[in-house]
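*Asks:* Could you look at this predicted model? Sequence included:
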Amino acid sequence: MNAKRWIHLAVPFLLCVVLGAQIDPRTALLERGAWNALNAGQAHAAAEAFREALAADPKNARLHLGAGMAASLERRDTDARDEFERALALDPKLAQARAMLGQVQYRMGDPASAIRTYDTLLTLTPDDKAARATLERWQREAELHDRMQQAVGSHFTVSFEGPAEAELAAAALDVLDRAYWRICQLMGTFPLEPINVVLYTGEQFRDITRAPSWAAGAYDGTIRVPMRGALDKPEELDRVLSHEFTHALIRTLAARLVPAWLNEGLATALETGSLEWAEKNAASQKPVPLRVLQAGFGRFTGAQAQLAYATSALAARRLLDEAGGFAVANLLRDLGEGVDFEAAFLHRIQRPFADFQAR
Ligand SMILES: [Zn+2]
């Protein structure tokens, strides 16, 4: 049930910057400030600083790399891709730019380009085991998807592996269609583009998503669901697909900057079934403040994750009850456009976030 937030482009490596010898001191200073901001996770400040440095030194591949990384942290994927491509046009050997480019291409739903990019990357850095493992995983995924058949509905395209799963795919389409109308009406928004859904065996699902063992589904632009035994438990199929569809709907409103508690909370609150489990879970433990639930839940153990989901679901439920789905949809739109969270919350929900959280 996790939204696969752990696929997000973190900056996993220490940024080691060798400043070019020919750069004038002011640009060098700007560049240093930009990398420091990036290392501190201040994506917006970093983006501004790289922009300024690039104005003075537009042919500097490393500055384009930095600008791309800042854009990527801000989830401006198209900008990020363009910057990495510019960096590579200036310096084709800049392996870090190629690695980041592949990740962004994959995240943008273009696995074929991502695979080509990593193929080239590995000719430059043949000993990079992590990159090789990523490439192999993407290749397995592409081969599997080539083998798959598709069931096409009006709002969803469901891919599945063999004739044995055709019945299941039809059932999934049915469930998804019901979730579509129920949840879209509540939020007052109806996505027009069809949403891709892939049904996996349990094993394929773990391999491709690298989801923690407690995850019952994943969303990374495509809804991915392990299907073993799903037809025996229709209510579970309904729950999981409603949850993942809500993530897809949220993505159409805000591709970035949605705190995990809001994203997971809405997805969990809009599942079919009651939130009694969440009330029990939250009541029996020390409450978790929403602000520690900003980042994805993939890092949690099963029990921690359960409390995180329970807390988030109850907060989202209250938000929907008090402000209505339409206001929450507007809050998400504002966040996606980069409006500051506190300001957006005050404007759309009509009360300060601190107030809401205190209850
Ligand atoms: Zn989720």
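*Replies:* Sure thing, it's come through.
*Asks:* got the domain boundaries for the protein?
*Replies:* Here the domain parsing of the chain from automatic domain parsing is 13-142, 148-252, 254-359.
*Asks:* can I get the ones you listed in JSON lines with mean neighbour count and mean pLDDT?
*Replies:* The way it works is simple: take the backbone N, C-alpha and C, and place the C-beta from them, glycine included. JSON lines is the format used below for the domains of the chain (neighbours: other CB atoms under 10 Å; pLDDT from 0 to 100):
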{"stretch": "domain 13-142", "mean neighbour count": "18", "mean pLDDT": "89"}
{"stretch": "domain 148-252", "mean neighbour count": "18", "mean pLDDT": "88"}
{"stretch": "domain 254-359", "mean neighbour count": "17", "mean pLDDT": "92"}
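*Asks:* Make CSV from the ones you listed and add distance to the ion to it.
*Replies:* Formatted as CSV, the domains of the chain follow (distance: least, CB to the ion, whole Å):
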stretch, distance to the ion
domain 13-142, 17
domain 148-252, 6
domain 254-359, 4
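*Asks:* What segments of the chain are strands?
*Replies:* Ranges of strands in the chain, per DSSP state E, are 149-152, 156-160, 195-200, 218-219, 223-226.
*Asks:* among these, which is nearest A40?
*Replies:* Nearest to A40, of all these, is strand 218-219, at 28.9 Å by CB to CB.
*Asks:* Let me know which of the strands of the chain is the nearest to N39.
*Replies:* strand 218-219 (29.0 Å).
*Asks:* Give the partner strands of that closest one in its sheet and their orientations.
*Replies:* Sheet pairing for strand 218-219, assigned by DSSP bridges, gives strand 223-226 (antiparallel).
*Asks:* returning to what we had before: make TSV out of the strands of the chain and add distance to L307.
*Replies:* Below are the strands of the chain laid out as TSV (distance: least, CB to CB, whole Å):
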stretch	distance to L307
strand 149-152	37
strand 156-160	32
strand 195-200	28
strand 218-219	20
strand 223-226	23
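*Asks:* Nearest residue to L257 in space, please, no chain neighbours.
*Replies:* L335 (4.9 Å; CB to CB, 6 or more residues apart in numbering).
*Asks:* quick one: that neighbour and L262, what's the gap?
*Replies:* According to CB to CB, to the nearest Å, L335 and L262 sit 8 Å apart.
*Asks:* R239 now?
*Replies:* For R239, the distance to L262 - CB to CB - is 19 Å.
*Asks:* Quick check, the residue nearest to L257 in contact with A255.
*Replies:* No - using CB atoms under 8 Å, L335 makes no contact with A255, being 10.0 Å away.
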